[in-house]
Every structure is written in structure tokens, then in C-alpha cells.
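S.K.: structure of the sequence below:
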Amino acid sequence: MTKVLSLKIKSEIFEDVEAQTKRLHMPRNTYINEALDFYNAFNRRKGLRKKLQKESLLTRNNSMDILSEMEKLEEATIE
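M.R.: Sure thing, here's the model as predicted:
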């Protein structure tokens, strides 16, 4: 199912789109759809990277806490 969209594009961007669609022998609509799909995928990956970095930091902090507790237990058993 397709949706109709009206948008304003800067002249320079429009001219570049026109040049690229001619070079690729591709309809403008297809080109814009592929560009938007690519940009959406890029932003999903960017969001996932931020989420993974945050979770990695939480895991690292938790791992350091566990390591510290294990060292305390080890020291207590040696004494």
C-alpha cells in the first residue's frame, strides 16, 4: 500500500536527485523510497548501537561489583 506525500525539497537537493535518477535510469519515486528506507535503517542501527553501549556499560559496572565481592570472599577465606 502506498501513501501520497507532498514535500518541499531544497533546489540543490532536488537537482542532485534528478541527476542521480537520470544516471541510474531510475524513477524519482523509487530513488526517494530507497533513500528513505536506507536512512531509516541507518537510524535504527544508530539507536541499537546507543542501546547496546548503555547496556554494555551497565553490564561492565555489574561485573566489576561482582569481581569486587569475589575478591572480598577470597580474602576472607585466606585469613
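S.K.: for the lengthiest helix in the chain, name the packing helices and strands.
M.R.: Scanning the chain for the longest helix, with DSSP state H as the assignment, gives helix 28-78. Helix 28-78 is packed against helix 11-24, with contacts defined by 3 or more CB pairs under 8 Å, 6 or more residues apart in numbering; DSSP states H and E. Where you see a C-beta, it was placed from the backbone N, CA and C, and this is true even at glycine.
S.K.: give me the mean pLDDT for the helix it packs on.
M.R.: Averaged across helix 11-24, the pLDDT comes to 98.
S.K.: could you give the angle of that helix to helix 28-78?
M.R.: Counting by axes from the mean of the first three to the mean of the last three CA atoms, to 10 degrees, helix 11-24 lies at 100 degrees to helix 28-78.
S.K.: what helices or strands is helix 11-24 leaning on?
M.R.: Checking 3+ CB pairs under 8 Å, 6+ apart, helix 11-24 ends up next to helix 28-78.
S.K.: could you pull up the mean pLDDT of the helix it packs on?
M.R.: Helix 28-78 shows a mean pLDDT of 88.
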